[in-house]
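Q: need a structure here:
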Amino acid sequence: MKFSIIIPVKYINNDTRETIKHCREIDYPDFEIIVLPDKKVNEAFSEVKFIPTGNISPSKKRDMGAKHGSGDILAFIDADAFPKKDWLRNASKYFKDDNVGAVGGPGVTPDSDNFLQKAGGEVYSSLLGGGNFAYRYIPQKKIEIDDFPSMNLLVRKTVFKEIGGFKTNFWPGEDTILCLNITKKLGKKIIYAPDVVVYHHRRPLFMPHLLQVYSYALHRGYFAKKYPQTSLRPIFFIPSLFVIGLIAGFILSLYNTTLRNIYFSVLIFYFLIIIFTTLNIKNLKMKLYVVLGIILTHIIYGLGFIKGLTRIKFEH
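A: The predicted structure follows:
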């Protein structure tokens, strides 16, 4: 079983060099590395194929990489992530089941990230920050899924070709469409494998992290209408309901003492739950950043989801 590692990138930077370095060190006998920058690069790495693509979307870069790949499995990884040495070896065992069309694994925050990046990682991996999707950021039990980010997604090439690849300009969100086609159109399984690990550098708190959250929410809100099979789910609406309650409750509390007491009691309870779910964080400064990060993540996601939900057309 041969793997084609596909890395879409605009240009080669230190993160990309780190990705390539760790990919070259993978403990597996048969794989190739395909890097897709916008322009031709002057750098040379043995066993790495560079394919200039022009200024196109990450999904189109991945489609192009797949066409040039000779592997049985297409291993998609982001240019700000790097794999564990056993990445492909662990993934290969799941593809022994012919019904498995794809395998996804966690993108763990690396130790080399700075304080604010690690704070962003703590938000995503927390019960209230990542919610039911915290398994995307820390290893949890093996499950069958129908949606997974392409930062660590391995797809059987025959399956990829059968659905026509990503064939979309959406970014982010291109992986949602791909997974939807794999599971709903072809009826193939996608397995979340906790031992198929990459390390994924985080966007630091607060602004870069929140801009990423807003972008995710915007697309998910739009997809709730366009691709309801996997995006029209109650969990995606919860942050928006929280934002609506936050605003409406504040306004109503100005006119009624009982409602004011209920409103602030609910807020205190909400805050205490966040504190409780961050008890594992011993560093007080980190805890404060993560608590504030979770609250802001809920608000920004809620606003982004509402905007995406109300859009008639998405410019992408």
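Q: what's the local residue count around K184?
A: Counted with other C-beta atoms under 10 Å, residues neighbouring K184 total 13. For glycine as for every other residue, the C-beta is placed from the backbone atoms N, C-alpha and C.
Q: distance of the closest residue to it other than its chain neighbours from I182?
A: Leaving aside its sequence neighbours, K184 sits nearest to Q229 (C-beta to C-beta, 6 or more residues apart in numbering; 5.4 Å). For Q229, the distance to I182 equals 12 Å [C-beta to C-beta, to the nearest Å].
Q: higher neighbour count, those two?
A: Between Q229 and I182, counted using other C-beta under 10 Å, I182 has the larger neighbour count: 26 against 14.
Q: what's the more buried one sitting at in phi/psi?
A: phi -70, psi -40 (degrees, to the nearest 10).
Q: excluding sequence neighbours, find me the nearest residue to it.
A: Using C-beta to C-beta, 6+ apart, the closest residue to I182 is G101 (4.6 Å).
Q: average pLDDT for the helix or strand hosting that neighbour?
A: Using DSSP states H and E, G101 maps to strand 100-104. Per-region confidence: strand 100-104 scores 97 on mean pLDDT.
Q: for the helix or strand following it, which strands pair with it and how are they oriented?
A: Next in sequence after strand 100-104, counting helices and strands by DSSP H and E, comes strand 107-108. Using DSSP bridges, strand 107-108 pairs in its sheet with strand 198-200 (parallel).
Q: would you map the helices across the stretch 51-200 of the chain?
A: Assigned helices in the stretch 51-200 of the chain, in chain order: 58-68, 87-94, 115-125, 157-162, 174-180 (criterion: DSSP state H, counting those that start in this stretch).
Q: the third one: which residues count as buried?
A: With burial defined by 16 or more other C-beta atoms under 10 Å, the residues of helix 115-125 counted as buried are L116, Q117, K118, A119, G120, G121, E122, V123, Y124, S125.
Q: so the fifth one makes contact with R203?
A: Yes - here G120 reaches R203: they are 5.6 Å apart, a contact under C-beta atoms under 8 Å.
Q: which residues are in contact with each of those two?
A: Here G120 and R203 have H209 as joint contacts, going by C-beta atoms under 8 Å, 6 or more residues apart in numbering.
Q: buried sites along the longest helix along the chain?
A: As assigned by DSSP state H, the longest helix anywhere in the chain is helix 284-310. For helix 284-310, the neighbour count (16+ other C-beta under 10 Å) marks 286-287, 289-291, 293-306, 308-309 as buried.
Q: residues in contact with the least confident helix or strand in the chain by mean pLDDT?
A: Scoring the helices and strands of the chain by mean pLDDT, DSSP states H and E places helix 228-231 at the bottom, with a mean of 86. With contacts defined as C-beta under 8 Å, 6+ apart, helix 228-231 is touched by D146, D147, T176, C179, L180, T183, K184, R220, F223, A224.
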